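**Student:** let's see this in three dimensions:
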Amino acid sequence: MGIQNLNMHQTIDKMQTIFMLRILLSLFLICTAGLGLSPSALAQDEDPVNAESVGQAQGLQRLSLDQAISRVLSVNPGIESAQKDLLISQAQFEEARNVSILPKSSLRVLGGLVPDVPNGSGPENNFPEVDTSLTDLGPFLRLRLEAFQPIYTFGKISNLRKAAKLGVQIKEEGVELARNQLIYETKRAYYGLEFLQSMKAFIEDLQIRAHTARDIVEDMLKKPGTEVTDIDLMRIDLFIAETERRMVEAINNIDFTKMVLKVLMASPREEDFEIESKEMVARSMLPLQSVEEYLELAHEHRPEIAQIEAGVEARKYLMLEKRSQFFPTLGIGGFYNFGLAPGRQEVNNPFLVDQFHINSGGGALGLEQNLSFHMTQAKHKKAKAEYEKTLADQQRAFQGIEIEVRNAHTQAMSKYQAVESSQKALKHGRSWVLASTLNFGTGIAPPKDLLEAFIGYSTVKATFFETLYSYHNSLAVLSKAVGMELADLKY
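**Tutor:** Purely as a prediction, here's the structure:
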């Protein structure tokens, strides 16, 4: 969705380039000046502004990932659309279930005007000639009721009923599929927002340090015999300008990602919110199981697999229904005729039938057979080919799902290991900066060692945020691939 347009990796690469080429000079100048900041402050990881206090001060809603997912699932039209598809399939199943009870029954009622026939015009007077002009008209009413109740259909009704029931199951899994897709999209947007805000906080911290360094350099330039020059000040100004540009990009991407979440949650577009954490943290860091276990979970929980299996069975029953059309349908048929015309003489003779004066009915055993066998043969061939195609599609889908699960597991495993390594690297980088700062302050280490320490630490911290984002996203992909939640989330 929209979060893919953020181009995370390209952004982080550009940021790393800036960190390595420009910012470290300003930090180095702060250290060499020995004014205003302690060694521990130079390597601190805390945000300059507490996220929770900011959110409370501004009265913004604080939104956790669990809450975001719950809101999306409760209001998103994707779920409603899948539920309407389920209602349609349930109505079709009800129709197929009721077709066994009087599937063919009709009532026809006619009424109008007909020429009257006076009494004495029947066989008692040897049928005298009667003037039936249109000037002497009277009302009439005719009714015909027909019905046919199948007794044995050779599988026509039962196979349709089974196919329709499987159709309901397919749509039920469709609701779960839509739900899983929305959960994944919400996670991806939330993790993207968390990553961008972490980078924004990092840039803010660097800007504070850069402005402090600039003030120190300006003071040093005013003193005689200083080692700094106007070029150093220009380099810091260039870095400040670059960080300002990067901050604008980060803010715009944050606004866009927030809008993605608002659209998913159907929230008012003018309503603002804050996510639970201003900086990315390692969550759900549980050791992953073997890929075989996740393949078993996918077979049990993946809605697409249940849909495919139900689809194969449904196609089989539809094929059997077409084959049953080669055979007749046995049943009981009945009819009832009624006619009434007050202005016409009623003739009580079983051999003389007046359709305007009738009251008769009957029923019998019978059969119904479609004699267009050439058409039935073509329909059966088509249904059989569709069933065999579904079998082939099933195997292809199983292969695709297996590849998807294996790939998601590989990515999640590698990202999990990368987070562990990145955490160690961040800890070592912080220690390196502290040690280099202390050594430089006592005159033991040259400025080059301190500069290298800051280069390494800045790169490691930026990489740490990227690695966390990649891990959380890969776990979301794996959860979607197996069809169940693997992270420690409750929604």
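**Student:** please enumerate the strands of the protein.
**Tutor:** For the chain, the strands defined by DSSP state E cover 61-63, 104-115, 137-152, 273-275, 329-340, 358-368.
**Student:** return the most buried member of those strands.
**Tutor:** strand 273-275 (a mean of 19; mean count of other Cβ atoms under 10 Å). Where you see a C-beta, it was placed from the backbone N, CA and C, and this is true even at glycine.
**Student:** same for that strand, what does it pack against?
**Tutor:** helix 51-58, strand 61-63, helix 156-221 (3 or more Cβ pairs under 8 Å, 6 or more residues apart in numbering; DSSP states H and E).
**Student:** okay, these in a markdown table with mean pLDDT and distance to Asn348 next?
**Tutor:** Shown next, in a markdown table, are these (pLDDT from 0 to 100; distance: least, Cβ to Cβ, whole Å):
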| stretch | mean pLDDT | distance to Asn348 |
| --- | --- | --- |
| helix 51-58 | 43 | 95 |
| strand 61-63 | 87 | 86 |
| helix 156-221 | 91 | 43 |
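**Student:** could you dump those to a markdown table with distance to Leu264?
**Tutor:** Converted to a markdown table, the helices and strands packed on strand 273-275 look like this (distance: least, Cβ to Cβ, whole Å):
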| stretch | distance to Leu264 |
| --- | --- |
| helix 51-58 | 21 |
| strand 61-63 | 12 |
| helix 156-221 | 6 |
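**Student:** which of these sits closest to Leu107?
**Tutor:** Proximity to Leu107 (Cβ to Cβ) singles out helix 156-221 among those, at 22.8 Å.
**Student:** quick one: the closest one to strand 137-152, angle?
**Tutor:** 80 degrees (axes from the mean of the first three to the mean of the last three Cα atoms, to 10 degrees).
**Student:** deepest-packed of the helices and strands packed on strand 273-275, please.
**Tutor:** Most buried of these, by mean neighbour count (mean count of other Cβ under 10 Å): helix 156-221, with a mean of 21.
**Student:** what's Tyr184 in contact with, if anything?
**Tutor:** 476-477, 479-480 (Cβ atoms under 8 Å, 6 or more residues apart in numbering).
**Student:** quick one: the residue sitting nearest the centre point of the chain from Gly311, how far?
**Tutor:** Centroid-nearest residue in the chain: Gln181, 2.6 Å away (criterion: Cα atoms, centre = their mean). The gap separating Gln181 from Gly311 is 19 Å, by Cβ to Cβ, to the nearest Å.
**Student:** what does Asp354 give?
**Tutor:** To Gly311, Asp354 is 58 Å away according to Cβ to Cβ.
**Student:** which of the two has more residues huddled nearby?
**Tutor:** Gly311 (20 against 15; other Cβ atoms under 10 Å).
**Student:** got a list of what that one touches?
**Tutor:** Contact analysis of Gly311 by Cβ under 8 Å, 6+ apart lists 166, 170, 390, 394.
**Student:** if we use 7 Å, what do you get?
**Tutor:** Residues in contact with Gly311 (Cβ atoms under 7 Å, 6 or more residues apart in numbering) are 170, 390.
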